[in-house]
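Engineer: Only the shape, not the letters, is given here:
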């Protein structure tokens, strides 16, 4: 039996373009999406569109990482970050805005934004099909599709009011192309203090390169101008399982084994959350 097109995804058909030939105007055909040239893309039974084919430039979160992320985010420990993202979007987006979350993961931040904008629509893009199973259910107005941030996005020019990039890789050229002239790019990234206590306890954890901030501004400066930057920093307490989930949901999970965590003694029960959230406008 063909999979029905999710209503949230149907709301985006007018903005999508074929990932293969870049023709605008996809339509539904027997439970799939098709372009005028005949390129066809399946809709997974979990509710996301399968646009990404071929070799991927990035490896998405696996099932264990997604489970750890869902468990940790459900504790509300990152709710302050989500509220800041939602406020930055609400301050600049029209009521019926279109929000594209690149590297959306499980859709946690996109859902927070849509809660603040009751007439907006959202589209989450990610390489991880495991994460998109959650993202497709994160909010009734959030659609989801597989995509690689380093490829030209499956969207027409100038259709997004907001592009979100929260703890995700960046593609400044594509961000600029899909944003409307009055749109906003919201970028959230960790500072060197983010989870520093865990870094001290788990040497294999991925740390923040001190030059990362300079590289970010060099990459974005030709296309975007800073509107405002806010720092979100606070301390959180962690139970043992919460600390394991926090490590397990980060890229460090690919480098740290459970045996290494168990052998080194207890993880810190208090860590620092420290991120920068910047709103940019297109040049």
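Structural biologist: All right, it came through fine. Bear in mind the structure is a predicted one, so any value in this text is a computation, not a measurement.
Engineer: mind pulling up the phi and psi values for the residue nearest to residue 87 when sequence neighbours are not counted?
Structural biologist: Nearest residue to residue 87 in three dimensions, chain neighbours excluded: residue 116, at 7.3 Å (C-beta to C-beta, 6 or more residues apart in numbering). No exception for glycine: its C-beta is placed from N, CA and C like everyone else's. Main-chain dihedrals, residue 116, degrees, to the nearest 10: phi -90, psi -20.
Engineer: Please look at residue 116 and residue 89 and confirm they touch.
Structural biologist: Yes. Look at residue 116 against residue 89 with C-beta atoms under 8 Å: they come within range, at 7.0 Å.
Engineer: Between those two, which has more neighbouring residues?
Structural biologist: residue 89 (25 against 16; other C-beta atoms under 10 Å).
Engineer: Mind listing residues that contact the host helix or strand of that one?
Structural biologist: For residue 89, the element it lies in under DSSP states H and E is helix 79-90. For helix 79-90, contacts defined as C-beta atoms under 8 Å, 6 or more residues apart in numbering pick out 97, 99, 108-109, 112-113, 115-117, 162, 164, 166, 184, 186, 188, 228, 230, 232, 234, 273, 275, 277, 279.
Engineer: 6 Å instead, please
Structural biologist: Residues outside helix 79-90 that contact it (C-beta atoms under 6 Å, 6 or more residues apart in numbering) are 109, 112, 113, 116, 162, 186, 232, 275, 277, 279.
Engineer: For the last one, what are phi and psi?
Structural biologist: The phi and psi values for residue 279, taken as degrees, to the nearest 10, are phi -100, psi 130.
Engineer: my read: it touches residue 184, true?
Structural biologist: Yes. Using C-beta atoms under 6 Å, residue 279 is in contact with residue 184, at 5.3 Å.
Engineer: The two: who's more crowded?
Structural biologist: Remark: of residue 279 and residue 184, residue 184 carries more neighbours, 25 against 21, as counted by other C-beta under 10 Å.
Engineer: Kindly state the pLDDT recorded for the closest residue to that one other than its chain neighbours?
Structural biologist: Nearest in space to residue 184, with sequence neighbours left out and distances taken as C-beta to C-beta, 6+ apart, is residue 92 at 4.3 Å. Per-residue pLDDT puts residue 92 at 88.
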